[in-house]
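Engineer: Okay, here's the prediction I keep looking at, along with the sequence it came from:
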Amino acid sequence: MTKRCTGLGAIRRSALAVMGLLAAGTVSLSAAEPAATEPETSPAFRQCILNSGGVTAAMQDCMADEYRRFDRALGIAYRDALRRASGTGARSQMRDAQRAWLKDRWTVCSKEVEQSGMAGGSGGALIEDSCRIRVVSERTLWLRRHPQNANR
């Protein structure tokens, strides 16, 4: 049985967890197994989180800015992977794989929030935000390393 965290104490614990993880340069609040490679967050993001004072809205603003940074990197990695794909068939396969990934990319994040017992609260929102950064980072790394293997 999952112990449900509610109230201001849970929010503070979530904020402290985010701040601690981010001070180390990584983002992960998932209740599931951590990713093999946590994304390396920017110094500006880590400073923003430390300056947030544990205020959830401020941390979410920091995460939104960092997500945009990771999303830009994803777009660049995807365009580079398309350029490296040899032939029309490979490029078409890459586009189809990316579209399928885009359709289902947040499923894992929804599950992590649900498993955390913090769904519907500010702690759940922080878990989802950090998961989204991680998911985009993982896909970016995959595109950089495996452009010829579009089916995943």
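Structural biologist: Noted; the coordinates are in hand.

Engineer: got the residue ranges for the helices in this protein?
Structural biologist: Remark: helices assigned in the chain by DSSP state H are 7-23, 43-51, 56-84, 87-104, 107-116, 122-145.

Engineer: which parts of the last one are buried?
Structural biologist: If I follow you right, that is helix 122-145. By neighbour count on 16 or more other CB atoms under 10 Å, the buried set for helix 122-145 is 122-144. Quick note: C-beta positions are derived from backbone N, CA and C, even for glycine.

Engineer: any idea of the mean pLDDT in it?
Structural biologist: Averaged across helix 122-145, pLDDT comes to 94.

Engineer: So what's the gap between it and the chain middle?
Structural biologist: 1 Å (CA atoms, centre = their mean, to the nearest Å).

Engineer: Can you list the helices and strands that that helix packs against?
Structural biologist: helix 7-23, helix 56-84, helix 107-116 (3 or more CB pairs under 8 Å, 6 or more residues apart in numbering; DSSP states H and E).

Engineer: that older thread, of the helices of the chain, which stretch is the most buried?
Structural biologist: Highest mean neighbour count of the helices of the chain: helix 122-145, a mean of 21 (counted as mean count of other CB atoms under 10 Å).

Engineer: got the angle for that one vs helix 87-104?
Structural biologist: 170 degrees (axes from the mean of the first three to the mean of the last three CA atoms, to 10 degrees).

Engineer: For helix 122-145, C-alpha coordinates in PDB please.
Structural biologist: What follows is helix 122-145, C-alpha atoms only, in PDB (Å, rounded to 0.1, in the frame of the first residue of the first chain):
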ATOM      1  CA  SER A 122       1.500  20.400  -6.100                       C
ATOM      2  CA  GLY A 123       3.900  17.500  -5.300                       C
ATOM      3  CA  GLY A 124       2.400  15.600  -8.100                       C
ATOM      4  CA  ALA A 125       2.900  18.500 -10.500                       C
ATOM      5  CA  LEU A 126       6.600  18.700  -9.500                       C
ATOM      6  CA  ILE A 127       6.900  14.900 -10.200                       C
ATOM      7  CA  GLU A 128       5.300  15.300 -13.600                       C
ATOM      8  CA  ASP A 129       7.500  18.300 -14.500                       C
ATOM      9  CA  SER A 130      10.700  16.500 -13.600                       C
ATOM     10  CA  CYS A 131       9.600  13.400 -15.400                       C
ATOM     11  CA  ARG A 132       8.800  15.400 -18.600                       C
ATOM     12  CA  ILE A 133      12.300  16.800 -18.500                       C
ATOM     13  CA  ARG A 134      13.800  13.300 -18.100                       C
ATOM     14  CA  VAL A 135      11.700  11.800 -20.900                       C
ATOM     15  CA  VAL A 136      12.700  14.500 -23.400                       C
ATOM     16  CA  SER A 137      16.300  14.200 -22.300                       C
ATOM     17  CA  GLU A 138      16.200  10.400 -22.800                       C
ATOM     18  CA  ARG A 139      14.700  10.800 -26.300                       C
ATOM     19  CA  THR A 140      17.300  13.400 -27.200                       C
ATOM     20  CA  LEU A 141      20.100  11.100 -26.200                       C
ATOM     21  CA  TRP A 142      18.600   8.200 -28.100                       C
ATOM     22  CA  LEU A 143      18.300  10.300 -31.300                       C
ATOM     23  CA  ARG A 144      21.900  11.400 -31.000                       C
ATOM     24  CA  ARG A 145      23.100   7.800 -30.400                       C
END
